[in-house]
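Q: missing the sequence, but the structure's below:
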């Protein structure tokens, strides 16, 4: 088990290195993939591990982006300090809203998460003097990373910076996932009644997971604010939450590399479809999504297993 | 006093439109328990077909609307067979993903067919006229929506509570295996109910087009709005959606009269407060 | 610039098979939405660019000019910036163009300043964008540029009281503030300023309030598409028109969705810088070229913004090839005859100085289609919002 997870991490780092040399002209796009991976990982913790159904993860992403942006403009432009501020902002919003939200489940919970994100967007829109409103928050100029590496034009620094942060989050989440807390989250997800019966507060566990997820989403938001040097209201958008959810389910929930895989596949398909025939790209993504739902209900991570079964002539390859 | 009357009239008229566009979702998602994010897609289909029949086919409004509803039902039935039948048993997230994927395909199809600009559904002269209520005017169109909304809620109540179909449906939804074992053809019942939901979605799309105009991205633009009505009303309750739609209509209208720039924040805050204190919605069964 | 050259050289070394562009090839990267609800903008740009090339050829002197289109989806500054980097580094474009939304335009500011790439904005209308980099040029308009003349014209028509209703976001508020200030300066009175949330679907309460205030006119700003439809519908049906409250807008009767508005749009007054119904040789040539290439094409402000933007790029290439700072300098006070009327670049704001027209929606006798008929030029102005 341990060996396998090390090899997965190794493969992913190798992929990051290979991508850097294979696509030196697409670093900006690859950097966006890293940021999105972090957001989808945060969703995996919340949804895949703790079973909290949400369509509003963008709320914490947006809060992190605006907090980090404002902090960089008015207080200190250090990138790592910005990430911390973004994480705190995301976690704080998750904590405040989570106290109410984590008491609910199902459709009600989904609606509440959507509503929180919408209110976030509306507040950012109305506080124009501070946030720039619909024009976006501009003037974010992060200083050198560790005082050494400046954010360069090609995006080399941005690439490795985002890659390092994504690797850190990935490592952090795999530790959390194996910790007693992580295991109790799975318990809360799979059989909340039993967990209550053995004296575990389901509400408390869910809230902690939601706050952690919020912090990680905040980091993703902060990272996007630093890389783009601009934050727009769209960081709160329903579309962003929904796309993150699609990427996660596409890859497979409850497994961290599933989140990474789903993000890479979705964004690459989008990038290629949008470059070749943007007008009809929805056909492609709609088809992809339906194919995964019906052919690979556990996500793309189940693909090797399914193929193996198919090659062995197992008639129940799909089950 | 005049303000209160205005709020009441406009709030009810708006609430009725909300009800009409959300009632189809109340059937598929509320009764059949499918997280049907493609609801707006069926409303879009209805609106787009009606637009095409009126603009290109020269049909009168009523005829075009009726044909569009039938056309949507005709498309929905095979879709139920091919896609929905398979996802009834899925988990919520898989249902979300499948119905979003379907929504994308519907949007892409309409975009390909009619483009992404506004698809107007011109009303007949009689419905455009304003009716004098004494203290103000209201359009004949909104009065029609109020009447149709009342007919729909009465019709659904009669269908679900007073007919054999309603009894069978409730049996099939509550316990599908037992119902099948008792010899009820649950497949047919599900298909009929789904067709009903899709037909109502199309009708709502056409009648609501005055406020929520039809264009290819309609399903994504208003998805949250439909979901809120059903969530507030409570899953499984048509009457709950009806009350919820009216309540949302009144609250939003009041906010727009009194504090227009705060209307969105007020509405969402109230939604949060309400759902936090009553997660099962107005008429939902407590879990 | 030096640093940028070095970086691109570095990137070039990293990959095999890079064909360095011939010196006389000029590439223009167009960043715009080609998918999603705003795909119409990208389509308009592309069609207008093709029309311009059909009329003026694809070469300027010894330079062959080509366009590379990139889809940004919607309001998405992250994507906009990433695309700009990709275009500059991989495709080695000499000019950037497009930009429908303000955040997307602002996001490329630091990039184009560093690479010294002239960037022509076809649409984004927030005045402050051009302050963020000396390499922005704008062939669209800014909101004060049309709102202030609207206020002055309204006062001249004998309108003394107005209620403003604008969508509650940046552009809407810019329009409201400019209109209100200018109208009150004239001596008019703004009875009420209503800001409508972007999510507003039912405009009845807002317009009922306007009706109760009984002003001479209602000034409005809405984002295009569905809200405009509901708003104008409600304006008619709630009897504001019958009560003699004049409608005063800007882009609300935009041509792509105008036919969808139907008869209720007839008689609406708007103040704007372009109507395809403009009577001129240049406009007819543009429209003919456009419909020859795309029989279904509808020209609107986005098309003419792109058309004039390409003209600007051609002039820059003609003057200096691909030297960014020199190119900006070369066209800083360029004058030309555009399909919308006479245009002139303002060296300070780098936004066009243009005619602003008062228009009224009417049905064309021949085609039976609705159009914005120009009733007259009400001002010739540059970006009036620059110093605010």
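A: Sure thing, it's come through. What you see is a predicted model; the values in this text were computed from it and never measured.

Q: drop to CA atoms for contacts and neighbour counts, all remaining ones
A: OK.

Q: The stretch 51-200 of chain B: helices as residue ranges?
A: Assigned by DSSP state H, counting those that start in this stretch, the stretch 51-200 of chain B shows helices spanning B:61-79, B:85-87, B:92-114, B:125-128, B:140-162, B:164-174, B:176-181, B:186-207.

Q: To residue B:246, which of these lies closest?
A: Of all the helices of the stretch 51-200 of chain B, it is helix B:140-162 that lies closest to residue B:246, at 10.8 Å by C-alpha to C-alpha.

Q: Can you give the distance of the closest one from its chain's centre?
A: Relative to its parent chain, helix B:140-162 has a centroid offset of 13 Å by C-alpha atoms, centre = their mean, to the nearest Å.

Q: Indicate the residue of chain B located nearest to chain A.
A: Here the residue of chain B nearest chain A is residue B:101; by C-alpha to the nearest C-alpha that distance is 4.3 Å.

Q: Quick one: residues contacting that residue.
A: Listed by C-alpha atoms under 8 Å, 6 or more residues apart in numbering or on different chains, the contact partners of residue B:101 are A:285, A:286, A:287, A:288, A:289, A:290.

Q: In what element of secondary structure is the first one found?
A: The reference is to residue A:285. Here residue A:285 sits within helix A:281-295, counting by DSSP states H and E.

Q: Give me every residue in chain C that's in contact range of chain A.
A: When proximity is defined as C-alpha under 8 Å from any C-alpha of the partner chain, chain C approaches chain A at C:4, C:7-8, C:11, C:14-15, C:34-36, C:39, C:70-71, C:75-79, C:81-83, C:85-86, C:89-90, C:102-103, C:106-107, C:111, C:114, C:126, C:168-171.

Q: Recalculate using a threshold of 7 Å.
A: C:4, C:7, C:11, C:14, C:34-35, C:70-71, C:75-76, C:78, C:81-82, C:85-86, C:89-90, C:102-103, C:107, C:111, C:169-170 (C-alpha under 7 Å from any C-alpha of the partner chain).

Q: What's the PyMOL syntax to select whichever of these are buried?
A: Buried residues among the residues of chain C next to chain A (16 or more other C-alpha atoms under 10 Å in any protein chain shown), as a PyMOL selection:
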select buried, chain C and resi 4+7+11+34+35+70+71+75+76+78+81+82+85+86+89+90+102+103+107+111+169+170
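
Q: From the residues of chain C next to chain A, which land in strands?
A: C:70, C:71 (DSSP state E).

Q: The longest helix along chain A - contacts with which helices or strands?
A: In chain A, with assignment by DSSP state H, the single longest helix is helix A:202-228. Counting contacts by 3 or more C-alpha pairs under 7 Å, 6 or more residues apart in numbering or on different chains; DSSP states H and E, helix A:202-228 is packed against helix A:27-43, helix A:58-74, helix A:79-101, helix A:192-197.

Q: Would you mind giving those helices as a markdown table with mean neighbour count, mean pLDDT and distance to chain B added?
A: Shown next, in a markdown table, are the helices and strands packed on helix A:202-228 (neighbours: other C-alpha atoms under 10 Å in any protein chain shown; pLDDT from 0 to 100; distance: least, C-alpha to the nearest C-alpha, whole Å):
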| stretch | mean neighbour count | mean pLDDT | distance to chain B |
| --- | --- | --- | --- |
| helix A:27-43 | 28 | 96 | 13 |
| helix A:58-74 | 29 | 97 | 14 |
| helix A:79-101 | 23 | 96 | 6 |
| helix A:192-197 | 14 | 84 | 13 |
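
Q: Give me the three-state assignment for residue C:194.
A: At residue C:194 the chain is in strand, as set by DSSP: H, G, I helix; E, B strand; the rest coil.

Q: residues in contact with it?
A: By C-alpha atoms under 7 Å, 6 or more residues apart in numbering or on different chains, the contact set of residue C:194 is B:260, C:164, C:165, C:166.

Q: in the sheet, who's paired with it?
A: residue C:165 (DSSP bridges).

Q: Quick check: pLDDT value at it.
A: Residue C:194 is assigned a predicted lDDT (pLDDT) of 94.

Q: Also the one 5 residues further on?
A: At residue C:199 the predicted local distance difference test score is 82.

Q: How about stretch A:12-19 and chain C, any contact?
A: No. With C-alpha under 7 Å from any C-alpha as the criterion, chain C is not reached by stretch A:12-19; the gap is at least 11.9 Å.

Q: buried stuff in that stretch?
A: In stretch A:12-19, counting by 16+ other C-alpha under 10 Å, buried: A:12, A:16.

Q: what residue ranges in the chain score low on pLDDT?
A: Answering for chain A, as no chain was given. Low-confidence segments of chain A, defined by pLDDT under 70: A:1-4, A:310-319.

Q: wrong one, chain C
A: Under the criterion pLDDT under 70, the flagged ranges of chain C are C:1-23.

Q: In it, spot the helix with the most residues.
A: Per DSSP H, chain C has its longest helix at helix C:301-320.

Q: which of the residues in the helix or strand following that helix are buried?
A: On the C-terminal side of helix C:301-320, the closest following helix or strand by DSSP H and E is helix C:324-330. Residues of helix C:324-330 classed as buried by neighbour count (16+ other C-alpha under 10 Å): C:324, C:327, C:328, C:330.
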